[in-house]
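A.B. asks: Pasting a predicted model and its sequence here:
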Amino acid sequence: MPFTFTMPKLSPTMEAGTIAKWHKKEGEFVEAGELIIEVATDKATVEHNALDEGWLRKILVQDGEEAVVNQAIAIFTEEENESIEGYEPEGPIAEEEPEPEQEVDSEEKPAKPKPAASKSAGGLSQPAFVPEEPLEHYEFEAPTALLTERVKATPLAKKLAKEKGLDLTTVKGTGPGGRIVSEDLSSAQPSGPVVFGKRERPSLPPGSYEEEKLSPMRQVIGQRLQEAKTFIPHFYITQAINVEPMYQIREQLRSSGIKVSYNDFVMRACALALREHPNVNSGFNSVNQTIIRFKTIDLAFAVSVDGGLITPIIRHADYKNLGEISVEVRHLAKKARDGKLEMEEFKGGSFTISNLGMYGVTDFQAIINPPQAAILSVSGIHNEPVVRNGSIVPGKVMNISVSCDHRVIDGVAGAEFIKTVQKYLENPALLLV
(Lines give C-alpha, C1' and ligand atoms only; values in the text may rest on other atoms or scores of the structure.)
Protein backbone atom coordinates (compact mmCIF):
# COMPACT_ATOMS: atom_id res chain seq x y z
CA MET A 1 0.00 0.00 0.00
CA PRO A 2 1.51 3.41 -0.96
CA PHE A 3 1.91 6.11 1.68
CA THR A 4 3.24 9.67 1.71
CA PHE A 5 6.41 10.97 3.37
CA THR A 6 5.94 14.68 4.19
CA MET A 7 8.28 17.49 5.19
CA PRO A 8 8.67 17.30 9.00
CA LYS A 9 8.52 20.34 11.29
CA LEU A 10 12.03 20.46 12.77
CA SER A 11 11.95 23.73 14.71
CA PRO A 12 9.24 25.78 16.43
CA THR A 13 9.37 28.57 13.84
CA MET A 14 9.92 26.37 10.78
CA GLU A 15 7.42 26.94 7.99
CA ALA A 16 9.47 25.49 5.15
CA GLY A 17 12.77 23.69 4.65
CA THR A 18 15.24 22.89 1.90
CA ILE A 19 16.31 19.31 1.26
CA ALA A 20 20.07 19.42 1.83
CA LYS A 21 20.62 15.74 1.06
CA TRP A 22 18.71 12.53 0.52
CA HIS A 23 20.50 9.61 2.19
CA LYS A 24 18.40 7.04 0.31
CA LYS A 25 17.76 6.50 -3.39
CA GLU A 26 14.58 5.54 -5.19
CA GLY A 27 14.04 1.79 -4.99
CA GLU A 28 15.90 1.34 -1.68
CA PHE A 29 14.37 -0.01 1.53
CA VAL A 30 14.32 2.31 4.55
CA GLU A 31 14.32 0.96 8.09
CA ALA A 32 12.38 2.77 10.83
CA GLY A 33 14.81 5.04 12.68
CA GLU A 34 17.26 5.10 9.77
CA LEU A 35 18.69 8.44 8.59
CA ILE A 36 16.85 9.45 5.44
CA ILE A 37 17.26 13.21 4.83
CA GLU A 38 19.07 16.34 5.96
CA VAL A 39 16.94 19.48 5.96
CA ALA A 40 18.15 23.09 6.03
CA THR A 41 15.69 24.83 8.34
CA ASP A 42 15.40 28.37 9.63
CA LYS A 43 17.77 27.42 12.49
CA ALA A 44 20.24 24.83 11.23
CA THR A 45 20.74 21.82 8.97
CA VAL A 46 19.01 18.98 10.78
CA GLU A 47 19.17 15.22 10.23
CA HIS A 48 15.82 13.41 10.16
CA ASN A 49 15.28 9.69 10.67
CA ALA A 50 12.41 7.76 9.14
CA LEU A 51 9.51 7.08 11.48
CA ASP A 52 8.20 4.12 9.46
CA GLU A 53 9.84 1.49 7.32
CA GLY A 54 9.07 1.02 3.64
CA TRP A 55 10.34 1.15 0.07
CA LEU A 56 11.28 4.59 -1.27
CA ARG A 57 9.54 4.56 -4.63
CA LYS A 58 9.54 8.20 -5.78
CA ILE A 59 11.28 11.37 -4.58
CA LEU A 60 9.03 14.38 -5.16
CA VAL A 61 11.38 17.11 -3.81
CA GLN A 62 15.00 16.79 -4.89
CA ASP A 63 18.22 17.94 -3.22
CA GLY A 64 18.35 21.74 -3.07
CA GLU A 65 14.58 22.16 -3.47
CA GLU A 66 12.26 23.67 -0.87
CA ALA A 67 9.04 22.32 0.60
CA VAL A 68 6.62 23.69 3.19
CA VAL A 69 5.91 21.76 6.38
CA ASN A 70 3.66 18.74 5.74
CA GLN A 71 4.15 18.96 1.98
CA ALA A 72 4.63 15.58 0.27
CA ILE A 73 8.31 15.02 -0.50
CA ALA A 74 8.31 11.30 -1.33
CA ILE A 75 6.10 8.27 -1.96
CA PHE A 76 6.71 4.96 -0.13
CA THR A 77 5.15 1.54 -0.45
CA GLU A 78 4.91 -1.29 2.04
CA GLU A 79 5.88 -3.88 -0.58
CA GLU A 80 8.75 -3.54 -3.05
CA ASN A 81 6.85 -3.91 -6.31
CA GLU A 82 3.53 -2.28 -5.45
CA SER A 83 2.15 0.04 -8.13
CA ILE A 84 2.01 3.77 -7.33
CA GLU A 85 0.23 4.64 -10.55
CA GLY A 86 -2.68 6.93 -9.84
CA TYR A 87 -1.66 7.46 -6.20
CA GLU A 88 -2.22 11.04 -5.04
CA PRO A 89 0.22 12.13 -2.30
CA GLU A 90 -1.25 13.59 0.87
CA GLY A 91 -0.57 17.09 2.18
CA PRO A 92 -0.33 20.52 0.52
CA ILE A 93 1.00 20.66 -3.02
CA ALA A 94 3.69 23.13 -4.04
CA GLU A 95 2.46 25.96 -6.20
CA GLU A 96 3.62 25.70 -9.78
CA GLU A 97 5.61 28.51 -11.32
CA PRO A 98 3.51 30.48 -13.81
CA GLU A 99 4.48 29.93 -17.42
CA PRO A 100 6.46 32.84 -18.84
CA GLU A 101 4.58 35.02 -21.29
CA GLN A 102 5.65 34.85 -24.91
CA GLU A 103 7.78 37.72 -26.13
CA VAL A 104 6.04 40.48 -27.99
CA ASP A 105 7.08 40.51 -31.62
CA SER A 106 8.05 44.15 -31.96
CA GLU A 107 11.16 46.22 -32.44
CA GLU A 108 11.21 47.33 -28.83
CA LYS A 109 10.61 45.01 -25.90
CA PRO A 110 8.01 46.22 -23.40
CA ALA A 111 9.40 47.78 -20.23
CA LYS A 112 10.02 45.34 -17.43
CA PRO A 113 7.14 45.78 -14.97
CA LYS A 114 7.95 46.82 -11.44
CA PRO A 115 6.73 44.35 -8.80
CA ALA A 116 3.91 45.51 -6.60
CA ALA A 117 4.55 46.30 -2.97
CA SER A 118 4.81 43.13 -0.93
CA LYS A 119 3.07 42.46 2.37
CA SER A 120 5.39 42.15 5.32
CA ALA A 121 5.85 43.03 8.97
CA GLY A 122 2.35 42.19 10.14
CA GLY A 123 0.41 43.56 7.18
CA LEU A 124 2.24 46.82 6.54
CA SER A 125 2.80 47.49 2.86
CA GLN A 126 6.49 47.24 2.06
CA PRO A 127 7.75 49.41 -0.81
CA ALA A 128 9.16 47.61 -3.82
CA PHE A 129 12.94 47.88 -3.77
CA VAL A 130 14.33 46.36 -6.97
CA PRO A 131 17.69 46.84 -8.74
CA GLU A 132 18.01 48.93 -11.85
CA GLU A 133 18.79 47.09 -15.07
CA PRO A 134 22.45 47.12 -16.24
CA LEU A 135 23.47 49.77 -18.75
CA GLU A 136 23.42 48.09 -22.14
CA HIS A 137 25.07 50.72 -24.37
CA TYR A 138 27.85 51.90 -22.07
CA GLU A 139 31.44 52.00 -23.29
CA PHE A 140 34.22 52.07 -20.71
CA GLU A 141 36.50 55.07 -21.04
CA ALA A 142 39.22 56.22 -18.67
CA PRO A 143 38.84 59.71 -17.11
CA THR A 144 42.05 60.88 -18.80
CA ALA A 145 40.47 60.07 -22.15
CA LEU A 146 37.47 62.24 -21.27
CA LEU A 147 39.81 65.11 -20.47
CA THR A 148 41.60 64.61 -23.78
CA GLU A 149 38.29 64.85 -25.65
CA ARG A 150 38.00 68.51 -24.58
CA VAL A 151 41.41 69.40 -26.06
CA LYS A 152 41.42 71.08 -29.47
CA ALA A 153 43.19 68.65 -31.77
CA THR A 154 42.81 67.21 -35.22
CA PRO A 155 41.31 63.70 -35.47
CA LEU A 156 44.68 62.39 -36.69
CA ALA A 157 46.51 63.91 -33.72
CA LYS A 158 44.01 62.37 -31.27
CA LYS A 159 44.35 58.99 -32.91
CA LEU A 160 48.15 59.06 -32.84
CA ALA A 161 48.21 60.31 -29.24
CA LYS A 162 45.93 57.49 -28.13
CA GLU A 163 48.06 54.88 -29.93
CA LYS A 164 51.33 56.20 -28.48
CA GLY A 165 49.96 56.93 -25.00
CA LEU A 166 50.63 60.69 -25.17
CA ASP A 167 48.92 63.36 -23.08
CA LEU A 168 47.50 66.04 -25.40
CA THR A 169 47.04 68.44 -22.47
CA THR A 170 50.86 68.83 -22.30
CA VAL A 171 51.07 70.12 -25.89
CA LYS A 172 50.58 73.62 -27.26
CA GLY A 173 48.94 73.44 -30.68
CA THR A 174 50.40 75.21 -33.70
CA GLY A 175 47.44 74.63 -36.00
CA PRO A 176 44.59 77.04 -36.81
CA GLY A 177 43.00 78.44 -33.63
CA GLY A 178 45.65 76.70 -31.47
CA ARG A 179 44.54 73.27 -32.62
CA ILE A 180 47.03 70.44 -32.01
CA VAL A 181 48.25 68.79 -35.19
CA SER A 182 50.25 65.57 -35.60
CA GLU A 183 53.57 67.46 -35.90
CA ASP A 184 53.05 68.86 -32.38
CA LEU A 185 53.10 65.40 -30.78
CA SER A 186 56.90 65.31 -30.74
CA SER A 187 56.86 67.49 -27.62
CA ALA A 188 53.98 65.68 -25.88
CA GLN A 189 54.53 63.96 -22.55
CA PRO A 190 53.42 60.38 -21.79
CA SER A 191 49.88 60.11 -20.40
CA GLY A 192 49.84 60.69 -16.67
CA PRO A 193 52.75 61.78 -14.46
CA VAL A 194 52.72 58.35 -12.77
CA VAL A 195 52.29 54.93 -14.34
CA PHE A 196 50.00 52.89 -12.05
CA GLY A 197 50.31 49.60 -13.90
CA LYS A 198 48.53 47.69 -16.60
CA ARG A 199 44.91 48.73 -17.15
CA GLU A 200 42.28 46.03 -17.48
CA ARG A 201 39.01 46.71 -19.22
CA PRO A 202 35.80 45.54 -17.53
CA SER A 203 33.86 42.82 -19.32
CA LEU A 204 30.47 43.39 -17.69
CA PRO A 205 28.17 46.39 -18.20
CA PRO A 206 27.76 48.72 -15.18
CA GLY A 207 25.04 47.59 -12.79
CA SER A 208 25.38 43.91 -13.61
CA TYR A 209 24.07 41.64 -10.86
CA GLU A 210 22.78 38.20 -10.06
CA GLU A 211 20.15 37.16 -7.53
CA GLU A 212 20.21 34.21 -5.16
CA LYS A 213 17.35 32.65 -3.26
CA LEU A 214 17.15 33.19 0.49
CA SER A 215 17.87 30.12 2.56
CA PRO A 216 15.20 29.16 5.12
CA MET A 217 17.43 30.57 7.88
CA ARG A 218 17.94 33.89 6.10
CA GLN A 219 14.20 34.14 5.39
CA VAL A 220 13.36 33.87 9.08
CA ILE A 221 16.21 36.17 10.13
CA GLY A 222 15.06 38.80 7.64
CA GLN A 223 11.42 38.52 8.62
CA ARG A 224 11.98 38.62 12.38
CA LEU A 225 14.50 41.46 12.32
CA GLN A 226 12.38 43.52 9.93
CA GLU A 227 9.37 43.07 12.17
CA ALA A 228 11.47 43.86 15.26
CA LYS A 229 12.88 47.04 13.76
CA THR A 230 9.46 48.09 12.43
CA PHE A 231 7.35 47.54 15.53
CA ILE A 232 9.73 47.76 18.50
CA PRO A 233 10.55 51.36 19.54
CA HIS A 234 14.32 50.99 19.91
CA PHE A 235 16.56 53.38 21.79
CA TYR A 236 20.30 52.99 22.33
CA ILE A 237 22.78 53.77 25.11
CA THR A 238 26.54 53.48 24.51
CA GLN A 239 29.25 53.32 27.16
CA ALA A 240 33.04 53.30 26.78
CA ILE A 241 34.74 50.70 29.00
CA ASN A 242 38.30 50.92 30.33
CA VAL A 243 39.39 47.32 29.75
CA GLU A 244 42.96 47.67 31.01
CA PRO A 245 42.12 45.89 34.31
CA MET A 246 40.26 43.12 32.43
CA TYR A 247 43.19 42.76 30.04
CA GLN A 248 45.62 42.40 32.95
CA ILE A 249 43.56 39.83 34.84
CA ARG A 250 42.91 37.83 31.66
CA GLU A 251 46.66 37.71 31.00
CA GLN A 252 47.24 36.50 34.58
CA LEU A 253 44.71 33.72 34.08
CA ARG A 254 46.25 32.77 30.72
CA SER A 255 49.71 32.55 32.26
CA SER A 256 48.27 29.98 34.69
CA GLY A 257 46.77 27.92 31.86
CA ILE A 258 43.20 29.21 32.35
CA LYS A 259 41.76 30.34 29.02
CA VAL A 260 38.82 32.75 29.12
CA SER A 261 37.69 35.22 26.47
CA TYR A 262 36.65 38.84 26.84
CA ASN A 263 33.17 37.70 25.85
CA ASP A 264 33.11 35.39 28.89
CA PHE A 265 33.75 38.41 31.13
CA VAL A 266 30.92 40.30 29.39
CA MET A 267 28.52 37.36 29.80
CA ARG A 268 29.28 37.11 33.51
CA ALA A 269 29.00 40.90 33.97
CA CYS A 270 25.61 40.98 32.21
CA ALA A 271 24.30 38.09 34.28
CA LEU A 272 25.16 39.88 37.52
CA ALA A 273 23.89 43.24 36.24
CA LEU A 274 20.56 41.71 35.20
CA ARG A 275 20.20 40.30 38.71
CA GLU A 276 20.53 43.88 40.03
CA HIS A 277 18.21 45.29 37.34
CA PRO A 278 15.44 42.71 36.80
CA ASN A 279 13.36 45.22 34.84
CA VAL A 280 15.89 44.91 31.99
CA ASN A 281 15.58 41.12 32.12
CA SER A 282 12.18 41.50 30.50
CA GLY A 283 10.25 41.13 27.27
CA PHE A 284 7.06 42.15 25.49
CA ASN A 285 4.19 39.89 24.42
CA SER A 286 2.89 41.53 21.25
CA VAL A 287 -0.16 39.25 21.13
CA ASN A 288 -1.42 40.04 24.62
CA GLN A 289 0.19 43.52 24.70
CA THR A 290 1.74 42.67 28.09
CA ILE A 291 5.19 43.06 29.64
CA ILE A 292 7.05 39.82 30.33
CA ARG A 293 9.09 39.71 33.53
CA PHE A 294 11.49 36.79 33.17
CA LYS A 295 12.19 35.12 36.51
CA THR A 296 15.41 33.44 35.38
CA ILE A 297 18.45 34.95 33.68
CA ASP A 298 18.98 32.98 30.48
CA LEU A 299 21.62 34.65 28.33
CA ALA A 300 21.50 34.11 24.57
CA PHE A 301 24.62 34.91 22.56
CA ALA A 302 24.85 35.34 18.80
CA VAL A 303 26.92 32.79 16.85
CA SER A 304 27.62 33.20 13.14
CA VAL A 305 26.92 30.02 11.14
CA ASP A 306 26.78 29.19 7.45
CA GLY A 307 23.87 31.11 5.97
CA GLY A 308 23.03 33.23 9.01
CA LEU A 309 23.25 33.24 12.80
CA ILE A 310 21.76 31.46 15.78
CA THR A 311 21.59 32.28 19.48
CA PRO A 312 22.45 29.45 21.90
CA ILE A 313 21.46 30.06 25.51
CA ILE A 314 23.34 29.89 28.83
CA ARG A 315 20.56 28.93 31.28
CA HIS A 316 20.64 30.37 34.84
CA ALA A 317 23.74 32.34 33.84
CA ASP A 318 23.84 34.28 37.11
CA TYR A 319 24.41 31.02 39.01
CA LYS A 320 27.49 30.06 36.95
CA ASN A 321 31.00 31.32 37.53
CA LEU A 322 33.34 32.69 34.87
CA GLY A 323 34.97 29.34 34.15
CA GLU A 324 31.65 27.51 33.84
CA ILE A 325 30.30 30.16 31.47
CA SER A 326 33.48 29.95 29.37
CA VAL A 327 33.25 26.17 28.99
CA GLU A 328 29.55 26.23 28.14
CA VAL A 329 29.91 29.06 25.62
CA ARG A 330 32.63 27.17 23.72
CA HIS A 331 30.60 23.96 23.81
CA LEU A 332 27.38 25.55 22.53
CA ALA A 333 29.19 27.64 19.90
CA LYS A 334 30.77 24.50 18.44
CA LYS A 335 27.44 22.68 18.37
CA ALA A 336 25.86 25.70 16.66
CA ARG A 337 28.51 25.80 13.91
CA ASP A 338 28.15 22.04 13.43
CA GLY A 339 24.35 22.38 13.18
CA LYS A 340 23.89 20.05 16.18
CA LEU A 341 22.05 22.27 18.68
CA GLU A 342 19.05 20.73 20.42
CA MET A 343 15.83 22.77 20.40
CA GLU A 344 16.04 23.59 24.12
CA GLU A 345 19.57 24.95 23.59
CA PHE A 346 18.44 27.86 21.41
CA LYS A 347 14.71 28.30 22.08
CA GLY A 348 13.87 31.18 24.44
CA GLY A 349 16.27 33.34 26.41
CA SER A 350 15.67 36.51 28.42
CA PHE A 351 18.53 38.73 27.15
CA THR A 352 20.94 38.56 24.19
CA ILE A 353 24.59 39.55 23.71
CA SER A 354 25.98 40.22 20.23
CA ASN A 355 29.77 40.50 20.10
CA LEU A 356 31.65 41.72 17.02
CA GLY A 357 34.80 42.55 18.96
CA MET A 358 36.84 39.91 17.13
CA TYR A 359 36.36 41.96 13.93
CA GLY A 360 37.76 45.13 15.49
CA VAL A 361 34.65 47.27 14.94
CA THR A 362 34.53 50.50 16.94
CA ASP A 363 30.80 50.59 17.68
CA PHE A 364 27.47 49.15 16.54
CA GLN A 365 23.87 48.81 17.73
CA ALA A 366 22.09 45.46 17.47
CA ILE A 367 18.41 44.87 16.73
CA ILE A 368 16.38 43.46 19.63
CA ASN A 369 15.60 39.74 19.51
CA PRO A 370 11.86 39.55 20.31
CA PRO A 371 10.12 38.87 22.58
CA GLN A 372 13.12 40.03 24.63
CA ALA A 373 13.25 43.73 25.50
CA ALA A 374 17.01 44.37 25.29
CA ILE A 375 20.23 43.28 23.62
CA LEU A 376 23.85 44.25 24.33
CA SER A 377 26.30 45.01 21.50
CA VAL A 378 30.01 44.48 22.23
CA SER A 379 32.65 46.12 20.03
CA GLY A 380 36.38 45.58 19.68
CA ILE A 381 39.14 46.68 22.04
CA HIS A 382 41.28 49.49 20.66
CA ASN A 383 44.18 51.52 21.95
CA GLU A 384 43.60 55.23 22.48
CA PRO A 385 44.90 57.98 24.75
CA VAL A 386 42.99 58.35 28.01
CA VAL A 387 43.24 60.77 30.93
CA ARG A 388 44.27 59.26 34.26
CA ASN A 389 45.14 61.34 37.31
CA GLY A 390 45.31 64.44 35.13
CA SER A 391 47.76 62.91 32.64
CA ILE A 392 47.28 61.54 29.16
CA VAL A 393 48.39 57.90 29.02
CA PRO A 394 47.88 54.97 26.65
CA GLY A 395 44.66 53.05 27.32
CA LYS A 396 42.58 50.14 26.11
CA VAL A 397 38.93 51.00 25.44
CA MET A 398 35.89 48.94 24.41
CA ASN A 399 32.46 50.33 23.54
CA ILE A 400 29.29 48.53 24.57
CA SER A 401 25.75 49.55 23.57
CA VAL A 402 22.42 48.40 24.92
CA SER A 403 19.38 48.48 22.62
CA CYS A 404 16.15 48.77 24.62
CA ASP A 405 12.44 48.40 23.90
CA HIS A 406 10.96 51.68 25.12
CA ARG A 407 7.60 50.02 25.79
CA VAL A 408 9.29 48.08 28.60
CA ILE A 409 12.49 49.89 29.58
CA ASP A 410 12.90 53.62 30.15
CA GLY A 411 16.09 55.57 29.50
CA VAL A 412 17.05 55.80 33.16
CA ALA A 413 16.68 52.04 33.65
CA GLY A 414 18.80 51.36 30.57
CA ALA A 415 21.47 53.81 31.74
CA GLU A 416 21.60 52.29 35.23
CA PHE A 417 21.96 48.81 33.75
CA ILE A 418 24.83 49.69 31.41
CA LYS A 419 26.65 51.57 34.20
CA THR A 420 26.43 48.42 36.35
CA VAL A 421 27.89 46.38 33.49
CA GLN A 422 30.68 48.98 33.30
CA LYS A 423 31.32 48.61 37.04
CA TYR A 424 31.85 44.87 36.72
CA LEU A 425 33.97 45.02 33.56
CA GLU A 426 36.25 47.73 34.97
CA ASN A 427 36.58 45.82 38.24
CA PRO A 428 36.89 42.28 36.87
CA ALA A 429 37.98 40.77 40.19
CA LEU A 430 34.27 41.01 41.11
CA LEU A 431 33.55 38.55 38.29
CA LEU A 432 35.82 35.88 39.80
CA VAL A 433 33.86 35.51 43.05
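C.D. replies: Everything's here; your move.
A.B. asks: can you give me the helices in the stretch 251-400 of the chain?
C.D. replies: 262-276, 322-337 (DSSP state H, counting those that start in this stretch).
A.B. asks: Show me which residues of the first one are buried.
C.D. replies: Neighbour counts over helix 262-276 (16 or more other CB atoms under 10 Å) mark 262-274 as buried. Every C-beta, even on glycine, is put in place using the N, C-alpha and C of the backbone.
A.B. asks: that older thread, would a markdown table of the helices of the stretch 251-400 of the chain with mean pLDDT and distance to residue 316 be doable?
C.D. replies: As requested, the helices of the stretch 251-400 of the chain are exported to a markdown table (pLDDT from 0 to 100; distance: least, CB to CB, whole Å):
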| stretch | mean pLDDT | distance to residue 316 |
| --- | --- | --- |
| helix 262-276 | 97 | 9 |
| helix 322-337 | 94 | 10 |
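A.B. asks: Adding distance to residue 356 as columns, could you present the ones you listed in CSV?
C.D. replies: Below are the helices of the stretch 251-400 of the chain laid out as CSV (distance: least, CB to CB, whole Å):
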stretch, distance to residue 356
helix 262-276, 10
helix 322-337, 15
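A.B. asks: so how many other residues sit close to residue 249?
C.D. replies: The tally of other residues near residue 249 (other CB atoms under 10 Å) stands at 17.
A.B. asks: Give me the residue ranges of the stretch 151-300 of the chain where confidence is low.
C.D. replies: For the stretch 151-300 of the chain, residues meeting the criterion pLDDT under 70 lie at 191-199.
A.B. asks: Apply 50 and report the result again.
C.D. replies: 196 (pLDDT under 50).
A.B. asks: follow-up on the earlier one: closest to residue 26 out of the buried residues of helix 262-276?
C.D. replies: Nearest to residue 26 among these is residue 263, at 47.6 Å by CB to CB.
A.B. asks: How about the contacts made by the closest residue to the closest one other than its chain neighbours?
C.D. replies: The shortest distance from residue 263 to any non-neighbouring residue, by CB to CB, 6 or more residues apart in numbering, is to residue 355 (5.0 Å). For residue 355, the contact set (CB atoms under 8 Å, 6 or more residues apart in numbering) comprises 263, 266, 301-302, 377-378.
A.B. asks: what's the closest of the helices of the stretch 251-400 of the chain to residue 155?
C.D. replies: Of all the helices of the stretch 251-400 of the chain, helix 322-337 comes closest under CB to CB, at 63.5 Å.
A.B. asks: residues touching the residue nearest to residue 292 when sequence neighbours are not counted, list them.
C.D. replies: Distance criterion CB to CB, 6+ apart; nearest residue to residue 292, sequence neighbours excluded, is residue 283 at 3.7 Å. Counting by CB under 8 Å, 6+ apart, residue 283 touches 291-292, 294, 350, 370-373, 408.
A.B. asks: could I get those residues as CSV with neighbour count and distance to residue 51?
C.D. replies: Converted to CSV, the contacts of residue 283 look like this (neighbours: other CB atoms under 10 Å; distance: CB to CB, whole Å):
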residue, neighbour count, distance to residue 51
291, 15, 41
292, 16, 35
294, 19, 35
350, 26, 34
370, 17, 33
371, 20, 32
372, 26, 35
373, 28, 39
408, 22, 42
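A.B. asks: Next up, phi/psi of the residue in the chain sticking out farthest from the centre, please.
C.D. replies: Centroid-distance maximum for the chain: residue 176 at 63.1 Å, with CA atoms, centre = their mean. Backbone geometry at residue 176, expressed as degrees, to the nearest 10, gives phi -60, psi 130.
A.B. asks: What of residue 27?
C.D. replies: Here residue 27 shows phi and psi, under degrees, to the nearest 10, equal to phi 100, psi -10.
A.B. asks: what do you get for residue 224?
C.D. replies: The phi/psi pair for residue 224 (degrees, to the nearest 10) is phi -70, psi -40.
A.B. asks: what about it, neighbour count?
C.D. replies: Residue 224 has 15 nearby residues by other CB under 10 Å.
A.B. asks: could you measure it against residue 319, distance?
C.D. replies: Residue 224 is 29 Å from residue 319, where distance means CB to CB, to the nearest Å.
A.B. asks: Identify the residues contacting residue 161.
C.D. replies: Counted by CB under 8 Å, 6+ apart, residue 161 has contacts 148, 153, 167-168, 185, 188.
A.B. asks: between these, which is closest to residue 365?
C.D. replies: So of the contacts of residue 161, ranked by how close each gets to residue 365 (CB to CB), first place is residue 148, at 48.1 Å.
A.B. asks: center of the chain, which residue is that?
C.D. replies: residue 308 (5.0 Å).
A.B. asks: hey, what's that residue bridged with?
C.D. replies: On the basis of DSSP bridges, residue 308 is bridged to residue 305.
A.B. asks: Can you check the pLDDT for it?
C.D. replies: The model reports residue 308 with a pLDDT of 84.
A.B. asks: Going along the chain, name the helices of the stretch 51-200 of the chain.
C.D. replies: Under DSSP H, counting those that start in this stretch, the stretch 51-200 of the chain gives helices at 143-149, 155-164.
A.B. asks: Could you give the number of residues near the closest residue to residue 258 other than its chain neighbours?
C.D. replies: Sequence neighbours aside, residue 323 is the residue nearest to residue 258 in space, at 7.1 Å (criterion: CB to CB, 6+ apart). Neighbourhood size, residue 323 [other CB under 10 Å]: 15.
A.B. asks: I'd like the distance between residue 323 and residue 228.
C.D. replies: Relative to residue 228, residue 323 is positioned 33 Å away (CB to CB).
A.B. asks: now do residue 288
C.D. replies: From residue 288 to residue 228 the distance is 18 Å (CB to CB).
A.B. asks: So if I had to pick from the two, which one is more boxed in?
C.D. replies: Taking neighbours as other CB under 10 Å, residue 288 and residue 228 compare with residue 228 leading, 20 against 8.
A.B. asks: gap between that one and residue 371?
C.D. replies: 10 Å.
A.B. asks: again, but for residue 362
C.D. replies: Taken as CB to CB, the span from residue 362 to residue 371 is 30 Å.
A.B. asks: now swap in residue 226 and tell me
C.D. replies: 16 Å.
A.B. asks: Likewise for residue 426?
C.D. replies: Residue 426 is 31 Å from residue 371, by CB to CB.
A.B. asks: for residue 274, same thing?
C.D. replies: Counting by CB to CB - residue 274 and residue 371 are separated by 16 Å.
A.B. asks: ok so, going back, tell me which of the contacts of residue 161 is nearest to residue 79?
C.D. replies: residue 148 (81.2 Å).
A.B. asks: who touches stretch 339-352?
C.D. replies: 11-12, 43-46, 270, 274, 280-283, 294, 296-302, 305, 310-313, 332, 335-336, 366, 368-369, 372, 374-376.
A.B. asks: Actually, stretch 318-327.
C.D. replies: 258-261, 264-265, 267-268, 271-272, 274-275, 297, 314, 317, 328, 431-432.
A.B. asks: Brilliant, that's me finished.
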